[in-house]
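S.K.: Can you look at this prediction? I've put the sequence above it.
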Amino acid sequence: MSIYDLSFEELEEYILNNGGKKYNASQIWEWLYIHKVNSYEEMTNVKKELLEKLNSCFSIALLEVEKIERDSDVNKYLFKLDDGNYIEAVLMKHDYGNSICISSQVGCNMGCKFCESGRLKKRRDLTTGEMIRQILQVEDDLGDRISHVVVMGIGEPFDNYDNVIKMIKIINHPKGLAIGARHITVSTCGIIPKIKEFMNLDLQVNLAISLHAPNDELRSKLMPINKAYPLKDLMKVLKEYTEKTNRRLTFEYIMLKDINDSEECALELVSLIKGINSYVNLIPYNETENLEFNRSNLVQINKFYDILKKNRINVTIRREFGGNISAACGQLRSRKEDL
Ligand code: SAH
């Protein structure tokens, strides 16, 4: 087990059961999450006996970096996990700070047709610690603080709900990485029971929904999850979510040439989400060599954008990152494993 798997309360409990004092938990978290040390020896204000016990139970190691691709404002990391599996994280440098996109699973079971991550079924969930170690390892490489975290890498976070929520609580904790809840975003393909649980947690964390189609027929073709949780039910729970939390939702909509980018689709999208406190993020599709989908051309994307705008839908076109370095979800891992 990794020390990064422990919540503050769990660490405190372990320490009390092993001859330490309550305040040791604060000291140790300070070493881990403020000073970001990579060994127990560096925790100079904590008793040796306690550190030795911790060391025998909990690894403090970060992740093994297999490969880094660098561009001017984006770095892409391929990590090798302790069991030999690979995952990815992407760092984006914005004018407002550094944001990281982390993975939540090894592979994914959602089977979205356009997505590289889902070509191989899920092998396993990531632990809480493995998600946190992605952040710490990238900060270490960067030599700078990460201010924003999005759970939008490989995997479906709401299919690994408990570990993801625990991770969020640790990175948001004032004694942890202290990343503001409003600077954390979780993206889901629309697993309704988990959206309901999430809504009742009363966290100020942002929720993004991968919509990608304005009607059930098309969405079920692109995203099999839609058969289990069709749009009518999804929209109903999302409306509840925005009313209960008073938070604005993000709808992600990747622009796929001749598939979901027509003017009719834009109008259908308008009537689908009208009245829901939200904004739409239009994402130019990142083409991948293994899948036959194409990116909509810019003229079409702009036309789509204009229709939403004219109908008073909040909409942005996602700035592109990492087009040159295979930063689309799952591409680096896929290449590594020859999937
Ligand atoms: N499973 C979660 C989070 C991971 S995917 C979800 O579905 O939201 C993160 C986002 O990237 C999703 O919106 C996904 O649909 C999108 N995506 C997948 N492949 C892509 C590609 N090649 N180009 C652009 N976006 C892609």
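M.R.: Yep, it's here.

S.K.: Quickly check: the helix or strand hosting K244 near the ligand or not.
M.R.: Remark: K244 resides in helix 231-245, with elements defined by DSSP states H and E. No. Using Cβ under 6 Å from any ligand atom, helix 231-245 never reaches the ligand; the gap is at least 12.6 Å. (Glycine included, C-beta is placed from N, CA and C.)

S.K.: Distance from that helix to the middle of the chain?
M.R.: Relative to its parent chain, helix 231-245 has a centroid offset of 21 Å by Cα atoms, centre = their mean, to the nearest Å.

S.K.: Check which element follows it along the chain.
M.R.: In the C-terminal direction from helix 231-245 (assignment by DSSP H and E), the next one is strand 249-255.

S.K.: Contacts for that following strand next, please.
M.R.: 114, 185, 187, 206-212, 238, 241-242, 260-261, 269, 273, 276-285, 295-296, 300-301, 304 (Cβ atoms under 8 Å, 6 or more residues apart in numbering).

S.K.: Could you point out the longest strand of this structure?
M.R.: If each strand of the chain is counted by residues according to DSSP state E, the longest one is strand 86-94.

S.K.: Could you see whether the ligand lies near that strand?
M.R.: No. Strand 86-94 does not reach the ligand (Cβ under 6 Å from any ligand atom); its nearest approach is 10.6 Å.

S.K.: Indicate each strand paired with that strand and its parallel or antiparallel sense.
M.R.: When pairs are called by DSSP bridges, strand 86-94 turns out to pair with strand 74-80 (antiparallel), strand 97-101 (antiparallel).

S.K.: where in the stretch 101-250 of the chain is pLDDT low?
M.R.: 118 (pLDDT under 70).

S.K.: dump the residue contacts of the nearest residue to I225 once chain neighbours are set aside.
M.R.: Distances taken as Cβ to Cβ, 6 or more residues apart in numbering place C189 nearest to I225, at 4.9 Å, with adjacent residues excluded. When the contact criterion is Cβ under 8 Å, 6+ apart, the partners of C189 are 110, 112, 156, 209-210, 223, 225.

S.K.: from the residues you listed, which is closest to I135?
M.R.: Nearest to I135 among the contacts of C189, counting by Cβ to Cβ, is E156 at 19.2 Å.

S.K.: Quick one: neighbours of the closest one, just the number.
M.R.: Look at E156: counted by other Cβ atoms under 10 Å, it has 27 neighbours.

S.K.: Hmm, I68 and Y77 touching each other?
M.R.: Yes. Counting by Cβ atoms under 8 Å, a contact exists between Y77 and I68, whose distance comes to 5.5 Å.

S.K.: Show me what from the stretch 101-250 of the chain comes close to the ligand.
M.R.: Applying Cβ under 6 Å from any ligand atom, one finds that the stretch 101-250 of the chain approaches the ligand through 110, 112, 114-115, 152, 156, 187-189, 210.

S.K.: From those, which land in strands?
M.R.: 187-188, 210.

S.K.: need those residues in a markdown table with neighbour count, can you?
M.R.: Written out in a markdown table, the entries for those read as follows (neighbours: other Cβ atoms under 10 Å):
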| residue | neighbour count |
| --- | --- |
| S187 | 20 |
| T188 | 23 |
| S210 | 24 |
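
S.K.: As a markdown table, those with distance to E197 would be great.
M.R.: As requested, these are arranged in a markdown table below (distance: Cβ to Cβ, whole Å):
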| residue | distance to E197 |
| --- | --- |
| S187 | 16 |
| T188 | 11 |
| S210 | 18 |
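
S.K.: follow-up on the earlier one: reformat the strands paired with strand 86-94 as TSV; add mean neighbour count.
M.R.: Compiled in TSV, the strands paired with strand 86-94 are given as follows (neighbours: other Cβ under 10 Å):
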stretch	mean neighbour count
strand 74-80	21
strand 97-101	20
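
S.K.: wait, which of those strands is closest to K122?
M.R.: Relative to K122, the nearest member of the strands paired with strand 86-94 by Cβ to Cβ is strand 74-80, separated by 17.0 Å.
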